[in-house]
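Asker: test case, fold it:
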Amino acid sequence: MTRPEILAFFNERQQAWAARDPEGLTAGHAEHGTIESPIFGHREGRPAIRESYRALFDMFPDWDFQSEPLLIDGDRVAQPFSAAATHTGTFMGLPGTHRRFKIQGVRLFTMADGLIQHERRSYDFTSLLIQIGVLKSKPA
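Answerer: Below you'll find the predicted structure:
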């Protein structure tokens, strides 16, 4: 994919994020693509990836994903982001706490044939757990 094609691809994905659209987000993944996620672990194939998006929006229905400018190197893309949401659904066996959280992270993609072949999600998972009350932090 060219740089302009990659930029257009991720611009369309931002619209799917704003709509909290699991089908739209899944459509950007290759049929046998993979993701690595702190919440969902290793998922392979569109059905498993689709389920991860559905589960995300069930746990955090107001998920607000904001992308920062992409870093593009050939078929590899880094997408710094922030996300904010309220924990209302069951997450890791914990019923909704109705606490808000905000995280920052980066998503690393390998692209091929106009689709995401592999995605690795990296963010401060511990901070998320502290913000929703799963973990307690100690003062410095």
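Asker: ok, the residue lying closest to Trp63 once chain neighbours are set aside - contacts?
Answerer: Once flanking residues are discounted, Trp63 sits nearest to Ala85: 4.4 Å by CB to CB, 6 or more residues apart in numbering. Every residue, glycine included, has its C-beta placed from N, CA and C. Ala85 is in contact with 60-64, 100-101, counting by CB atoms under 8 Å, 6 or more residues apart in numbering.
Asker: out of these, which end up buried?
Answerer: Buried subset of the contacts of Ala85 (neighbour count, 16 or more other CB atoms under 10 Å): 60, 63, 101.
Asker: give me the pLDDT value at the residue nearest to Trp63.
Answerer: Here, the pLDDT recorded for Ala85 equals 96.
Asker: mind checking the SS state of it?
Answerer: Three-state call for Ala85 (DSSP: H, G, I helix; E, B strand; the rest coil): strand.
Asker: for Thr110, list each beta-bridge partner.
Answerer: Beta bridges link Thr110 to Arg76, His118, judged by DSSP bridges.
Asker: what is the burial count for it?
Answerer: For Thr110, the count of nearby residues is 16 (other CB atoms under 10 Å).
Asker: relative to Ile72, how far out is it?
Answerer: Thr110 sits 12 Å away from Ile72, going by CB to CB, to the nearest Å.
Asker: would you map the strands across the protein?
Answerer: With DSSP state E as the criterion, the chain has strands at 29-37, 41-44, 64-67, 71-73, 76-86, 100-112, 115-123.
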